[in-house]
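Undergrad: build me a model:
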Amino acid sequence: MSEEETHTRLTAWVRGRVQGVGFRWWTRSRALELGLVGSASNLADGRVEVIAEGNRDHCQRLLAALRSGESPGSVEHVAERWSDPKGGLSGFVER
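TA: A predicted model of the protein is given here:
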């Protein structure tokens, strides 16, 4: 199996003006277009946590979209962590 076919888990923390502006909906739309499963959740400190599992290339494309400046609101910084997929996810939900 090539690296492009490997499944992975991306956890990204997005800082900026990203709550109450449609950011989670936009993220969900991008993730579903890429065939990823996971969630986008508001955190108490104002960040949005994005968890996505699926094809590594597709996760990288979602990360690039989060950093693209094309999302609603205003992204100041995106921190990322890569790990092995945990599974048990279906669809992509906003929390």
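
Undergrad: please, where are all the helices along the protein?
TA: For the chain, the helices defined by DSSP state H occupy 23-33, 56-66.

Undergrad: which stretch among those comes nearest residue 7?
TA: The stretch from those with the least distance to residue 7 (CB to CB) is helix 56-66; that distance is 7.0 Å. Every C-beta, even on glycine, is put in place using the N, C-alpha and C of the backbone.

Undergrad: got the angle between the closest one and helix 23-33?
TA: Following axes from the mean of the first three to the mean of the last three CA atoms, to 10 degrees, one obtains 150 degrees for the angle between helix 56-66 and helix 23-33.

Undergrad: any regions of the protein where pLDDT drops low?
TA: Scanning the chain with the threshold set as pLDDT under 70 gives 1-5.

Undergrad: would you point out which residue is most central in it?
TA: Against the mean C-alpha coordinate of the chain, by CA atoms, centre = their mean, the closest residue is residue 50 at 3.9 Å.

Undergrad: give me the distance between residue 22 and residue 54.
TA: Computed as CB to CB, to the nearest Å, the residue 22 to residue 54 distance reads 23 Å.

Undergrad: so those two - more neighbours on which side?
TA: Counting neighbours by other CB atoms under 10 Å for residue 22 and for residue 54 shows that residue 54 has the greater number, 21 against 13.

Undergrad: now the more buried one. Nearest residue, chain neighbours left out?
TA: residue 36 (4.1 Å; CB to CB, 6 or more residues apart in numbering).

Undergrad: what do you get for residue 91?
TA: Residue nearest to residue 91 in three dimensions, not counting chain neighbours: residue 37, with 6.2 Å by CB to CB, 6+ apart.

Undergrad: ok, the one you found touching residue 58?
TA: No. Using CB atoms under 8 Å, residue 37 is not in contact with residue 58; the gap is 10.7 Å.

Undergrad: more neighbours, the two?
TA: Neighbour comparison, residue 37 and residue 58: the larger count goes to residue 58, with 21 against 18 (by other CB under 10 Å).

Undergrad: what about the residue lying closest to that one once chain neighbours are set aside, neighbour count?
TA: Excluding its sequence neighbours, the residue lying closest to residue 58 (CB to CB, 6+ apart) is residue 34, at 4.1 Å. Around residue 34 sit 18 other residues, with neighbours defined as other CB under 10 Å.
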